[in-house]
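**Student:** coords please:
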Amino acid sequence: MTVLCVYLGDNMKKLIIFGFDGTIADTSPGILYCFNTTATAMGYQPVDHDALYGVIGIPLEDGFRKLFNMKDDEIEYATNNYSKLYSQKGEEMFSLYPGIKNTLAQLRKEGCKIAIATQKHRMFTADMLGVYDIANLFDAVCATDVNTNLMKSDLILQACEQTGVSVEDAILIGDSNVDAEGARNVGIDFGAVLYGWGFRSKEEAEKYNCKTSFNSADEIFLKLSML
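**Tutor:** Coordinates of the predicted model:
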């Protein structure tokens, strides 16, 4: 069986690290529901779906400021209410992107290690992986916990440490500038997802010196193999 499968130039990539929101799963319906339900109860006008571009993946506090221009003294209540709503209903409102499960299975079959690096709460991430029975496809799931404030770079390094693979032998695949900046901060290569809720175009993603980009989850395995 081939153990090292994915090439980036002359360097074989042993570990593929994925973001979660906007890369593995479309969690936007639940996120929009929780933002709008919280904000409208506080007297703000709801936003439409397209407003989520560039918001999914950033801290909740920043999301409320960006979407609703919310005042600082309202933020704590808003984030607490959002989290409550998400645990009650929001986390159920999601779907895997078409082709992603097959892509993960292909990578596993070829011998690659696979990890998740997400600033989503560990409990929500585990629940969602369980819904589609794909937790067993990952060698490491690195997420945040209560009272932790881990940056994307921290989570990337956790994934490398837990799988025993160096950043030079790994690549991060994500859909946003948060992912791209996290990759840059630790010196790991970056592949940009264009079907998520971060980058609106290939040109926007290329500002971060991404090694490649993916228009669909079906492209990931093939494009990684061809680099």
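**Student:** avg pLDDT for stretch 91-101?
**Tutor:** The predicted model assigns stretch 91-101 a mean pLDDT of 96.
**Student:** Tell me the buried residues in that stretch?
**Tutor:** Neighbour-count burial for stretch 91-101 flags 91, 93-94, 96-97, 99-101 (criterion: 16 or more other Cβ atoms under 10 Å). All C-beta spots, glycine's among them, are computed from the backbone N, C-alpha and C.
**Student:** and these, which of them are in helices?
**Tutor:** Members of these lying in helices (criterion: DSSP state H): 100-101.
**Student:** between the buried residues of stretch 91-101, which is nearest residue 59?
**Tutor:** residue 91 (17.8 Å; Cβ to Cβ).
**Student:** State the distance from that closest one to residue 171.
**Tutor:** To residue 171, residue 91 is 28 Å away according to Cβ to Cβ, to the nearest Å.
**Student:** can you put the buried residues of stretch 91-101 in CSV and add distance to residue 41?
**Tutor:** Below are these laid out as CSV (distance: Cβ to Cβ, whole Å):
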residue, distance to residue 41
91, 19
93, 18
94, 22
96, 30
97, 31
99, 37
100, 34
101, 36
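**Student:** Which two of the buried residues of stretch 91-101 have the greatest separation?
**Tutor:** 91 and 99 (22.4 Å).
**Student:** can you tell me which helix in this protein is longest?
**Tutor:** Assigned via DSSP H, the chain shows its longest helix as helix 72-88.
**Student:** average pLDDT for that helix?
**Tutor:** Mean predicted lDDT for helix 72-88 stands at 95.
**Student:** So which elements touch that helix?
**Tutor:** Packing contacts for helix 72-88, counted by 3 or more Cβ pairs under 8 Å, 6 or more residues apart in numbering; DSSP states H and E, involve helix 28-41, helix 60-68.
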